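>>> Have a look at this prediction, sequence included:
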Amino acid sequence: MAIVFEKTKGLTDKPTHYCPGCTHGIIHRLVAEVMEEMDLLDNAIGVAPVGCSVLAYEYFNVDMHEAAHGRAPAVATGIKRVHPENFVFTYQGDGDLASIGTAEIVHAAHRGEKFTTIFVNNAIYGMTGGQMAPTTLIGQKTTTSPYGRDEATTGKPIKMSELLATIDGAAFVERVAVNNPANIRKAKKAIKEAFKVQLEGKGFGIVEVLSTCPTNWGLTPVEAMKWLEKDMMPYYPLGNFRKPEEVE
Amino acid sequence: MTKVLMKGNEAVGAAAIAAGCHYFFGYPITPQSEVPEYMSRELPKVGGSYVQAESEVAAINMVYGASGSGARVMTSSSSPGIALKQEGISYCAGAELPCVIVDMMRGGPGLGTIQPAQGDYFLATRGGGNGDYRLIVLAPADVQELVDLVMEGFDLADIYRTPVMILGDGMIGQMMEPVEFKYQQRTDLPEKDWATRGKGKGKQKNIINSLYLEAEELEKHNHHLQAKYAEIREKEKKVEVYNIEDADIVITAYGTTSRIAKTAIAKLEKEGYKVGMIRPISLYPFPNEAYEKINDNCKGVLTVEMSTGQMIDDVKLSLNGRIPTYFHGRSGGMVPGPEEIVEKVKEILGGGK
Amino acid sequence: MDERLIIAGFGGQGVMAMGQLLTYSGMIEGKNVSWLPSYGPEMRGGTANCNVTISTEPVGSPVVLEATTAVVLNLPSMDKFEESVVPGGNLMINSSLIEKKAERDDINVYYIPANEIANEIGNARIANMVMLGAYIEITGSIKIDSVYEAFGKVFGETKAHLLPVNKDALKRGAEVVREQMKVNA
C-alpha cells in the first residue's frame, strides 16, 4: 500500500499534554515539519520556555534545553555562540516572552543573534490557570483581571512584533495565525523563511503565532477560533513587519 | 615559566583561557569590570566568544546554554550582580551544568559600596538560589592561588557536573601580584556525552533540563545531587593549617582577611603568644576536620571576617562547643587592620601568653 | 628586607604607574611583592594612592597602614599619610606642589621638587619617575637596572622610546636627594 501521509519525524511519539482545541499542537507540527523538510533534525538545538509549552523538549525530536522563565533567548545565545553551525530556535509563550523575558528577547534581537524564535501568543497565562498577560485584550476577563482588563490601570496589550521590528538586528519579523488552513499554510511559509534567514546568517528572526486557549478563555474550541478572528486579529494584525530583501 | 605581574581580575581571565574556557558572558560592575574587559580583549584572539549581556540574569542563562552545549564557560560579577545570577545558578545546579562563577565581593546589603567585603558567604555556601543544592566554593587568598583555583575550578566543575564559585573580594580583584600558570589539567575528565550538539553528532537526543514534574522523580534527582555533594565533601576539602597542636588561640579566616590575620599572628608571635591558624580554602566543602584537630587546651578560636559574622556558623558547627569561639569583623567595605586582631587576641587571652 | 610603601597624589600624577614599576622591579629581583590600588570614589578627581610591598618574606596583609616610606605628590596626600610612616621611616614630599613642611621629627623627610625637575627635562608627566629615582637612592631596595627592565613590561613596547627621558628623571631624582641624605644622616 502506498504511503500518502506520515507524521513528521520532527516530533517524538510522546502524546502531548495540551488541552483539546489548543493550537500548540498545530504550531509544534509546523515547526517540526519545516525542520524535517529543511533537513535540520540532526543539527537543531531547541530551547523550551516556562509556560504551557514547558514540556516541548519532550515533543520536538531534536536536542533541547529547558530554560528558566523568559530566559530562552539568553540560553539560545549561549548555545549559538558555542555552536554557530547549528540551527537554534526558541519556542516561547506570551507570558514568557512579552512579560518576564522582555529584556532577553529585545537584546537578543538587538545583538542580531542568529537564532529563530517561535512566539505563541494566546493573550493569557495558560499553564498557571488563566491569569492576565501583557497581551490580554482590553476588557478580557482572566483570573487576575476578573472585571475585564482595564486600560487605565494595566495599559494596552503589548504588540511584540511591532516593537521588535524597530530593532535593526531583527532581520525577520512576521505575525501569523493558525485559525484556518489558509493561514496555517502562511504560518508554515513564514516559519520556513525565518529559518532560512538564520541559516543564511542574516540575523535574528521571530514568528509570532496567534493561538487559542479555549480552556482559559472559557470557550469551546470552535468559539475560540472565532474569538481569535474577531477579537485578536483586528488588534494584532497579521503580516510581515521586517525581512531581508533577498528573502522576498 | 616566568612570572608575570597581574591584577587579580585580569588573572581570572588569563587563568580561564589557559584552562580552555573560550566563552564568557558578563556585565560591568565594580570591582570586577576588568574581568569582562580582559575577556572582550583576549577571547577573540583564541577564537572564543565574549558577550556583554543585557543583565546578570541574562549572562548566567547564556552560561546555561553554553555549558549545556558542552563548552567550558565562565561568568563573573560582584555581590549585587551575583544576587541577580542566583536564578540561573540554581538551574545550572539542577541541570548539572559545569561552569565557573566568580564573585569579587563588595560591601552590602543593597547597592552597598564598591569596597571589599565578605558578606556573600551565606549566599555562596548555602545555595543562594532556590532548592536543595550546593556549589563548590573556593576562596583564594592571593593572586597566584586565584589563578590556580580558577583553573582547578573548571576541572572540578567538569568532574562533578556542578557550578563552581570562586569567592574573592574587591581587594584580590584589584591588587597585582606575580603569577605563573603552572596548574596541570587533570587527566580523568569525563566526556560530555550529555551535551547538546545536534543529535546527529551525539549518540542520542540530549535534553538539558531541571524540571521533574513527578515528585518521586525529583526526589530521586535530589538524592543523586546529595550523593554527589557527599563525594565532594569526602574528596575536595582544601585548607591551610598552622600550629594548631600547640596554640593557645587559633585564628580562622579566609581569602584576603586571612593575610591580614597572618600579619597579626607574626606580630603576636614576636611578643611570645602561641597562635595557630586555620584558613579554609574550600568554603564548600567546609574543612571541618581541621577544627577537630585543634588541641584541647586551646583557649579560643577567633573567626575574623569582613562581614558581621557568617563563616563563624560553620566554625561553631565544626567545633561543636568544644572550644569557646570569638568573632572580630568589619563590614561595609572596612578592612580590618592587623592591630585590631592583635588587640582582640590579647583581650581574649586576658594578657596571659 | 620589608619595604611597605604608600604612594599618593592626584589622579594623573602617575602614582599607580610608579607603584607598578616598583612592584615589577621587585618581582624581577625575586622578591615577594604586591601592589594594591585604592579604587574607591576618591579615584574620581580626588587623591589616588597605592600600597606596595617588597619583601624577602611572604607578603601578609597587602594593605599598608604602617609605611616604611610614604611618597606624597600633593598636599591632601601629605595631610593624610604623614602619620602613617613608622618611626625611622621616610616621607618623600613633592616640594613643587607642597609648600608645607613635615610636622614629625621622628622620621626622615625629603623635599624633592619633582615637577620642576620634570619640566627641566622637558616632560611634565615624569615627576613620578623623579620621585622613584629618589626613592631608590634613599632605600637601595631595588636596583635601577630592574626598573629599566620593568619599564617595557609595565608600559608596553610602544612606550619604549620614552625610556631615555625616564632614565634622566630617575637619575635627577637620585641626585637631588643625595645632598639631603647627608643632612639626614
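Noted; the coordinates are in hand.

>>> which stretches of the stretch 1-150 of chain B aren't confidently modelled?
Residue ranges of the stretch 1-150 of chain B with pLDDT under 70: B:1.

>>> Kindly report the residues of it close to chain A.
Contact residues (Cβ under 8 Å from any Cβ of the partner chain) of the stretch 1-150 of chain B with chain A: B:23, B:25, B:49, B:51, B:53-55, B:57-59, B:61-71, B:73, B:87-88, B:91, B:95. In this view, the C-beta of every residue, glycine as well, is placed from N, C-alpha and C.

>>> In helices, which of these fall?
Mapping the residues of the stretch 1-150 of chain B next to chain A onto helices (DSSP state H) picks out B:57-59, B:61-68, B:87-88, B:91.

>>> Which among those count as buried?
Among these, those classed as buried by 16 or more other Cβ atoms under 10 Å in any protein chain shown are B:57-59, B:61-68, B:87-88, B:91.

>>> Relative to chain C, which of those residues is nearest.
The closest of these to chain C turns out to be B:A59 (Cβ to the nearest Cβ; 22.3 Å).

>>> Who are the contact partners of that closest one?
B:A59 makes contacts with A:74, B:25-27, B:51, B:53, B:75, B:77, B:85, B:88, as judged by Cβ atoms under 8 Å, 6 or more residues apart in numbering or on different chains.

>>> Which of the residues you listed sits closest to A:R81?
Comparing these against A:R81 with Cβ to Cβ picks out B:V51 as the nearest, at 6.5 Å.

>>> How confident was the prediction at the residue of chain C found nearest chain B?
Relative to chain B, the nearest point of chain C is C:G60 (3.4 Å; Cβ to the nearest Cβ). As predicted, C:G60 sits at a pLDDT of 93.

>>> Tell me the secondary structure of it, please.
On the three-state scheme (DSSP: H, G, I helix; E, B strand; the rest coil), C:G60 is labelled coil.

>>> Can you give me the distance of whichever residue of chain B sits closest to chain C to B:P336?
Of all residues in chain B, B:T263 sits closest to chain C, at 3.4 Å by Cβ to the nearest Cβ. In this view, B:T263 and B:P336 are 10 Å apart by Cβ to Cβ, to the nearest Å.

>>> go on, B:E305?
Using Cβ to Cβ, we find B:E305 at a distance of 9 Å from B:P336.

>>> B:A93 too?
If you measure B:A93 against B:P336 using Cβ to Cβ, the figure is 33 Å.

>>> right, and A:R111 touches A:K80 too?
No - with contact defined as Cβ atoms under 8 Å, A:R111 does not count as touching A:K80 (10.4 Å).

>>> who has more neighbours, these two?
Between A:R111 and A:K80, counting by other Cβ atoms under 10 Å in any protein chain shown, A:K80 is the more crowded of the two (24 against 18).

>>> And chain B, is the helix or strand hosting the more buried one touching that?
Under the criterion of DSSP states H and E, A:K80 resides in helix A:72-82. Yes - using Cβ under 8 Å from any Cβ, helix A:72-82 comes into contact with chain B via A:74-82.

>>> Just the buried subset of these, please.
Counted by 16+ other Cβ under 10 Å, the residues of helix A:72-82 next to chain B give A:74-82 as buried.

>>> OK, contacts around residue 133?
I went with chain A, as the question did not name one. A:A133 neighbours (Cβ under 8 Å, 6+ apart): A:94-95, A:98-99, A:123-125, A:142.

>>> meant chain B, my bad for not saying
Contacts of B:Y133 by Cβ under 8 Å, 6+ apart are B:90, B:93-94, B:127, B:225.

>>> Now do the SS call for it.
Put simply, B:Y133 is coil when judged by three-state DSSP.

>>> could you measure it against B:I232, distance?
In terms of Cβ to Cβ, B:Y133 sits 12 Å off from B:I232.

>>> Excluding sequence neighbours, find me the nearest residue to B:G129.
Closest residue to B:G129 apart from its sequence neighbours, by Cβ to Cβ, 6 or more residues apart in numbering or on different chains: B:S90 at 3.0 Å.

>>> Name all residues that make contact with the closest residue to chain A within the stretch 101-250 of chain B.
Nearest residue of the stretch 101-250 of chain B to chain A, counting by Cβ to the nearest Cβ: B:G200, 2.6 Å away. For B:G200, the contact set (Cβ under 8 Å, 6+ apart) comprises A:41-43.
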